[in-house]
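Student: after the sequence you'll find the predicted model.
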Amino acid sequence: MSGTAHPGLNLGAAHGKARDRSEKGAFGFWVFLMSDLIIFGILFATYIVMLPARAGGPGPETLFDLSSIGAQTALLLASSFTYGMASLSMKHGGRRAPVALWLALTGVLGAGFITLEMRDFIHMAGEGGVPSRSGWLSALWALVGLHGLHVAAGLLWIAVMLALLALRGLNDAVKSRLLLLGLYWHFLDLAWIGIFTIVFLGGMA
Amino acid sequence: MKDDRRSETIRYVTGALVSGVLTLLAFWVVMGPDLARPVRLWVLAGLGLAQIVVQLRCFLHIGWHSRREDLQLILFSLVLLGLMIGGTIWIMGSLAVRMH
């Protein structure tokens, strides 16, 4: 079959077994991503319902720092792009070093995102914006926190893939896992678009 | 979609650039001009949706040529998502109006 086999970057026909293997895995992984999307969707709905439920607690004006949010957005978008470059050097180059390099760069950018996000959470807690303060804050911490946990899990996955690359090289199993990690990582950037638009920019608009 | 290295690289670069511009516009709408809040929210929603479409296309390579069951999975999830988010906001909004 020529053309696209599943949504996401497809390994070309030249990759033989790795390509067949990745097709089965990719469908299952899309099922996971879509159920994850439902969880995020429900948390978004909860957040919007909870918007007026401030209970006299602190609001967006005191808690949000848009320049930090902008930096986080830039870091995550850049990391999505560098992951794309890792996928392409896997597909077209097939050498281990460039893939590992782009992957490591993605990890560094992701770690920068998490660092800024943690700083923001600590700042919010310092201003009295803890999750137990109001319904709005519970929904906010649940939604943004879940995304942060996803990014942290992604960083762990990147570290594992870097170790596998170093130990085993670009074999078929590593290739198909890298494709799935790519779907996961791009998906996290999609979820972040919703978060910065609805939660942060919407809160300050 | 062509899948030689050059055109695939161009697709990622385009996706990143367009996403960057849409992000900048979204931040500018909130921090820059003096607009009414509903106008800002509608513009933000449009920019966010546009960026999601761009990233689905350029980073996740979703297109009409995707295999049928994958595409159906994605579309079905979107329908569920729309029902659940739309339904929640509708019901809870209506409840809030009636309680006041």
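Tutor: All right, it came through fine. Residues are numbered from 1 along each chain as shown, chains lettered A, B, ... in the order given.

Student: how close does the nearest residue to residue A:169 once chain neighbours are set aside get to chain B?
Tutor: By the measure of C-beta to C-beta, 6 or more residues apart in numbering or on different chains, the closest residue to residue A:169 outside its immediate chain neighbours is residue A:96, 5.5 Å from it. Where C-beta positions appear, they are placed from N, C-alpha and C, glycine not excepted. As judged by C-beta to the nearest C-beta, to the nearest Å, residue A:96 and chain B stand 17 Å apart.

Student: do the same with residue A:30
Tutor: Separation of residue A:30 from chain B (C-beta to the nearest C-beta): 6 Å.

Student: toward the C-terminus, what is the element adjacent to the helix or strand that residue falls within?
Tutor: Taking DSSP states H and E as the definition, one finds residue A:30 inside helix A:17-50. From helix A:17-50 onward toward the C-terminus, using DSSP H and E, the following helix or strand is helix A:60-63.

Student: mind listing the helices for the chain?
Tutor: In the absence of a named chain, chain A is used. Counting by DSSP state H, the segments of chain A that form helices are A:17-50, A:60-63, A:66-88, A:96-126, A:135-168, A:172-194, A:202-204.

Student: let me rephrase: I mean chain B.
Tutor: According to DSSP H, the helices that chain B contains are B:5-31, B:37-58, B:68-99.

Student: point out where chain B drops to low pLDDT.
Tutor: Chain B contains residues with pLDDT under 70 at B:1.

Student: could you chop it up by domain?
Tutor: As recorded under automatic domain parsing, the domains making up chain B are B:1-65, B:66-100.

Student: the first one and chain A in contact?
Tutor: Yes - using C-beta under 8 Å from any C-beta of the partner chain as the criterion, contacts between domain B:1-65 and chain A involve B:1, B:3-5, B:8-9, B:12-13, B:15-16, B:19-20, B:23, B:26-27, B:29-31, B:37, B:40-41, B:44-45, B:47-48, B:51-52, B:55-56, B:59-63, B:65.

Student: please list only the buried members of these.
Tutor: B:3, B:8, B:12, B:15-16, B:19-20, B:23, B:26-27, B:29-30, B:40-41, B:44, B:47-48, B:51-52, B:55-56, B:59-62 (16 or more other C-beta atoms under 10 Å in any protein chain shown).

Student: can you list the low-confidence ranges for chain A?
Tutor: Across chain A, residues meeting the criterion (pLDDT under 70) sit at A:1-6, A:20-22.

Student: any idea how far residue A:76 is from the residue of it most remote from its centre?
Tutor: Centroid-distance maximum for chain A: residue A:56 at 32.7 Å, with C-alpha atoms, centre = their mean. Relative to residue A:76, residue A:56 is positioned 33 Å away (C-beta to C-beta, to the nearest Å).

Student: quick one: residues contacting the closest residue to residue A:105 other than its chain neighbours.
Tutor: Counting by C-beta to C-beta, 6+ apart, residue A:82 is the residue found nearest to residue A:105 once chain neighbours are left out, at 4.8 Å. The contact partners of residue A:82, taken as C-beta atoms under 8 Å, 6 or more residues apart in numbering or on different chains, are A:102, A:105-106, A:109.
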